[in-house]
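S.K.: next input, structure requested:
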Amino acid sequence: MTKDKILSFIKTQCGREKYFYLKNQKGILAKVRLLWFIIIASLRDWNLNKID
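M.R.: Model prediction:
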């Protein structure tokens, strides 16, 4: 099983849970919300250390 590359940008556990929740949603608005979340979460987690 391969890890999502995006998990190297979203580093908090709650952020990763939200990512997987949004990733499983259907529809165009859900995809836009996922993209928006990835951008904001990546910026917020920029200075945090990587977790595994």
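
S.K.: C-alpha from now on. contacts and neighbour counts both.
M.R.: Noted.

S.K.: so for the lengthiest helix in the chain, what's the average pLDDT?
M.R.: Across the chain, the helix with the greatest residue count (assigned by DSSP state H) is helix 28-44. Helix 28-44 shows a mean pLDDT of 91.

S.K.: which strands and helices lie in contact with that helix?
M.R.: On a contact count with 3 or more C-alpha pairs under 8 Å, 6 or more residues apart in numbering; DSSP states H and E, helix 28-44 meets helix 13-23.

S.K.: got a list of contacts for the helix it packs on?
M.R.: Residues from elsewhere that reach helix 13-23 (C-alpha atoms under 8 Å, 6 or more residues apart in numbering): 7, 10, 30-31, 33-34, 37-38, 41.

S.K.: pull out the buried residues from that helix.
M.R.: Residues of helix 13-23 classed as buried: 15-16, 19, 22 (neighbour count, 16 or more other C-alpha atoms under 10 Å).

S.K.: centroid residue for the protein?
M.R.: Nearest to the geometric centre of the chain sits residue 19, at 3.9 Å (C-alpha atoms, centre = their mean).
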